[in-house]
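Engineer: next come a sequence and a model predicted from it.
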Amino acid sequence: MSNKGKCIKNICVFCSSSDYLDVIYYKDARELGKLIGQNGYNIVYGGSTLGMMWACASEVKNNGGKIYGVMPKRLVDLGCKTDNCDEFILAQGMRDRKQKMDDISDAVIAMAGGFGTLEEFAEMLVQKQLGFNKKAIVILNTNGYYDELLKFFDKMVDDKFANKFTTNLFYVASTPQDAIDYINNYKEPLSTPTKHDVYSR
Ligand code: AMP
């Protein structure tokens, strides 16, 4: 299969580092990794052997894609690092690491995860909301994991803490194939967000 999303080469995947989840989450992580590789993309991820992160990254590698791991020294010292990355990028801390992941990725997929994943997703979304990037951002809602959070996002809009414009900046995919189809067909917005986009409610 070919790489259809013209400008997109490296997909950043945020997902759980937990090894204690229901099998359904690892299954989707592996499936997503397989599709990333088969569609000619590479993965940018946290660089560890843990949880859904490794389930996804290892399948990218098995299917012809490259793995770019980005990890702060502190986590390397804890022994979480994999030696299987095509490129391993050492970061100073978690903030520096997010910057590095952002710098080398063209699209973002957030799978099910904990606070680490949520924080990474939210930061990317705010960057896009304020016009710092125009990347495709996808929530892969495996097993309806994010249903409650998505309802909360609606409340944010209803109560005017956020606007509809922002919640339209990401796509909610129900399957790995759905996520990859969205990225394959993604077209960057032509304009950057206006003051009205950002501040209206
Ligand atoms: P969490 O969702 O809390 O499990 O955190 C996972 C996210 O935070 C991943 O997308 C990683 O980028 C980062 N992260 C958290 N823990 C680790 C770890 N031990 N090794 C590498 N990355 C991690």
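Structural biologist: Thanks, I have the structure now. Numbers count the residues shown, from 1 in each chain.

Engineer: contact residues of this protein facing the ligand?
Structural biologist: 14-18, 46-48, 50, 53, 71, 75, 80, 113-117, 120 (C-beta under 6 Å from any ligand atom). Every residue, glycine included, has its C-beta placed from N, CA and C.

Engineer: give the closest residue to the residue of the chain found nearest the ligand in space, chain neighbours not counted.
Structural biologist: Per C-beta to the nearest ligand atom, residue 116 is where the chain lies closest to the ligand, at 2.2 Å. Nearest residue to residue 116, sequence neighbours excluded (C-beta to C-beta, 6 or more residues apart in numbering): residue 17, at 6.6 Å.

Engineer: I figured that neighbour was touching residue 51, is that so?
Structural biologist: Yes: counting by C-beta atoms under 8 Å, residue 17 does reach residue 51; the two are 4.6 Å apart.

Engineer: next, count neighbours for the residue nearest to residue 116.
Structural biologist: 18 (other C-beta atoms under 10 Å).

Engineer: likewise for residue 65?
Structural biologist: 25.

Engineer: where do the strands of the protein begin and end?
Structural biologist: 10-14, 42-45, 67-72, 87-91, 107-110, 136-140, 171-173 (DSSP state E).

Engineer: now the spatially most central residue of the chain: how far from residue 45?
Structural biologist: With distances taken as C-alpha atoms, centre = their mean, residue 109 lies nearest the centre of the chain, 2.8 Å away. Look at residue 109 and residue 45: by C-beta to C-beta, to the nearest Å, they are 10 Å apart.
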